[in-house]
Each structure stands twice: as structure tokens, then as C-alpha cells.
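A.B. asks: sequence and computational prediction follow.
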Amino acid sequence: MTDAPAFGLSDTDLAAHNTVFASDALKGRVAVISGGGGGIGRAIAWLYARLGASVVVTGRKPEKIDPLIEALRAAGHTASGETLDIRDRAQVDGFWARQWADKGGADILVNSAGGQFPQAAIDFSPKGWNAVIDTNLNGTWNMMQAAALKWREFEHPGSIVNIVVVTTHGLYGVAHSMAARAGVISLSQSVAVEWAPYNIRTNCIAPGAIETEGWNVYSPAARAAYPKTNPMMRVGTAWDIAEASAFLSAASGNFITGEVLTVDGGGQHWGETWTTGKPDYFDV
Ligand SMILES: CCCCCCCCC/C=C/C(=O)SCCNC(=O)CCNC(=O)[C@H](O)C(C)(C)COP(=O)(O)OP(=O)(O)OC[C@H]1O[C@@H](n2cnc3c(N)ncnc32)[C@H](O)[C@@H]1OP(=O)(O)O
Ligand SMILES: NC(=O)C1=CN([C@@H]2O[C@H](COP(=O)(O)OP(=O)(O)OC[C@H]3O[C@@H](n4cnc5c(N)ncnc54)[C@H](OP(=O)(O)O)[C@@H]3O)[C@@H](O)[C@H]2O)C=CC1
């Protein structure tokens, strides 16, 4: 089990956490989760499996995926996994071809793979900029289009949830990621219309500060400020995002497409978030 992470919920927590959903809310569905070994993706994998879905967890590192699959199976759930870099289109296409040829297709895609490093924008190197854009915008698109092509080919309905970032105002220190996420939101809204005739829904979730192992890349000073980025004065959990995602993926989301569901404790209406720590100049 991937228990006791430095930040966020363990597999033991996720196996037992209360849920508002009925235990058959996703019965018989197949859900592919990119970044499924990360904090938010792992919570989504647990919740969807507990609601009856067969979950397919993907990510680059087998050491994050394998123990999760083992823990899910040990708890009686149906789970499999594959290593997959979403930036590599050939890998992505190969994954989706196998998923439909040998593994029963898919009904749901959740794109939780993503991330960035905190740095002042003025200091971004071309390589750093490209790594973040390629991961969060191109990688997400690779997964979305490859999934949709299969759904169109098999005349099968599909649902996509993209985990993004709140873009209503700046998130300082991660401008590359903000550019990519705004792109994903706009893309999702556009294809929600284009893909409605194929019965494919596309939505986004914009989390506020959610305690996960992804926080390792931020300084202690920046992390200490996260509870104060919203009027609830606390951070969220990966479970908060998993339940929002289940709401969009399950029948409760059947008439919802092209939406951004913000789960940030009201942060978008409140204040500022510095991922690099607040510079003295602004500290008035
Ligand atoms: C308002 C609402 C409230 C919202 C309140 C929100 C508050 C919380 C904010 C958000 C939190 C999260 O998203 S947390 C969860 C996300 N998880 C993460 O971010 C995990 C870390 N990120 C990643 O792994 C990323 O995927 C990513 C950086 C793109 C990894 O890409 P790669 O695998 O290609 O990484 P690398 O090979 O290591 O790096 C590629 C290049 O990137 C640059 N680079 C990488 N790390 C660097 C660093 N620390 N400083 C400078 N530059 C760096 C260098 O140029 C690297 O090349 P070289 O120079 O040659 O090495
Ligand atoms: N936690 C938070 O406060 C917030 C998170 N978000 C976003 O939510 C999403 C999930 O974050 P969270 O779970 O917290 O972070 P994590 O870092 O825990 O998880 C992200 C996962 O993405 C995977 N990943 C990264 N790059 C690739 C790639 N090229 N191909 C395949 N998988 C990849 C990583 O797995 P591996 O290393 O195995 O590749 C990692 O496990 C991210 O997009 C994040 O930016 C948004 C706002 C706030």
C-alpha cells in the first residue's frame, strides 16, 4: 500500500472515507485515470472503484501505480494499470488501442496527470516552459483526442473530466501552468460543443489548494500560506476533488458539459496564491 504519504490521504484513508454516493453509482463502467498514482488521481481511483467502476490507472512511474493496483485489488476492486507518458502521442495511441482491443474499452476518462515547478516567469528557460506546456496542454489533449477517436469509432458515449487550476486570476509563480490550464479549459469548452453529437461530455474541475504529495515541490513558506488562500481558511483534500469528479462522471452529470467546477473553498473570490512565497514588495 502507498500508505502514509508526506502530504495528503493514504490508501487506508481512501479505502474507508465516507462518500455521499451510492455504492453502484458507477457500476459496470470502465474509468481511465491519468496521473492515477498521484494524490488526486489516487483518490479518484479509490472512489470510482468503490462505486463499482473498473479502474485503469496510468502514470509514468510504476512504483506509484503498482502498489495502488495491489491495494485496490486486495480490497476487492477491479483495477489494472499501465505506465504511460501523456506527452508521447505514440504511447497514448497504443494505450487506447489496447484498451479497446483487449480490455473492454472505456466509458470515462479523468485527466489528473499534470504539474509544474514554481519559478518566477521572467526566469523560465525555454525547456522548462515547454515541459509544462507539453505536459499540461499537449498531454491532456493527447489523452482527450485519443479517447474521443475510439468513442466515435465504436459509437460509444464518453465522459471526460480534466483536472485543471483556478484561472480566474493569477496564480503567482506558475504562469506556465496557468497558460496551459487556461488552454485546457477553453479547449474543453470548445469540444464540449463539437463532440456533443458523439455523446461525449467534457468538463473540468479547478481545485484550490489540495493537500497531496504534489506539494513537495513548493517551499514550506508557500505551503504554510495555502490555508489562507480561501475564506474557509483551510486546505482541501483529494477526496473533495474525487467526489466532485464522481458527480461529473456519474449519471448526476448527464446534462453537464463544457463546465468548470471550482472546488477551492471560495478562493477564487478571495485572495492571492503565491506558489513561490509572497515577495516583500507585495507584503503590505
Ligand atoms: C486561486 C486558487 C487557489 C489555488 C491554490 C493552489 C496552490 C497549490 C498550487 C498547485 C499545486 C499543484 O499543482 S501540486 C501537484 C502537481 N504536481 C507537481 O507539480 C509535481 C512536479 N511537477 C512535475 O513533475 C511536472 O510534471 C513537470 C515539471 C512538468 C515535470 O516535467 P519533466 O518530467 O520534463 O521534468 P524535468 O525533466 O525534471 O524538468 C524539465 C525542465 O523543466 C525545468 N525545471 C524543472 N524543475 C524546475 C525547477 N524546480 N526550477 C526551475 N526549472 C525547473 C528545467 O528546465 C528542466 O530541465 P533541466 O534543466 O534540463 O533539468
Ligand atoms: N494539489 C493541489 O493543490 C492542486 C493540484 N492541481 C492539479 O491537479 C492534478 C493532480 O495533482 P496532484 O494529484 O495534487 O499532484 P501529484 O503530483 O500527486 O500527481 C500528478 C501525477 O501526474 C503524473 N504525471 C506528471 N506528468 C506526467 C506525464 N507526462 N505523463 C503521465 N503522468 C504524468 C505524475 O505521475 P508520474 O510521476 O508517475 O508520472 C503524478 O503522479 C495536477 O494537474 C495538478 O497540477 C491543481 C490545483 C491544485
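C.D. replies: In hand now; what should we look at? Ligands and ions are numbered 1, 2, ... in the order given.
A.B. asks: any idea of the mean pLDDT for stretch 134-142?
C.D. replies: Averaging pLDDT along stretch 134-142 gives 99.
A.B. asks: give the buried residues for it.
C.D. replies: Going by neighbour count (16 or more other C-beta atoms under 10 Å), the buried part of stretch 134-142 is 135-137, 139-142. C-beta here means a position set from N, CA and C on the backbone, and glycine is covered the same way.
A.B. asks: mind checking if stretch 41-56 is in reach of ligand 1?
C.D. replies: No. With C-beta under 6 Å from any ligand atom as the criterion, ligand 1 is not reached by stretch 41-56; the gap is at least 10.2 Å.
A.B. asks: quick one: mean pLDDT over that stretch.
C.D. replies: Here the average pLDDT along stretch 41-56 is 98.
A.B. asks: next: stretch 82-100.
C.D. replies: The average pLDDT within stretch 82-100 is 98.
A.B. asks: how about residues contacting it?
C.D. replies: Under the contact criterion C-beta atoms under 8 Å, 6 or more residues apart in numbering, stretch 82-100 has outside partners 32, 34, 56-62, 65, 105-106, 111, 113, 134-135, 138-140, 142-143, 146-147, 149-150, 153-154.
A.B. asks: weed out the non-buried ones from the residues you listed.
C.D. replies: Neighbour counting by 16+ other C-beta under 10 Å classes 32, 34, 56-60, 65, 105-106, 111, 113, 135, 139-140, 142-143, 146-147, 150 among these as buried.
A.B. asks: please flag which of these sit within strands.
C.D. replies: 32, 34, 56-59, 111 (DSSP state E).
A.B. asks: what does the stretch 1-150 of the chain have sitting close to ligand 2?
C.D. replies: 34-35, 37-41, 59-61, 64, 84-87, 112-115, 135, 139.
A.B. asks: thank you kindly, that will do.
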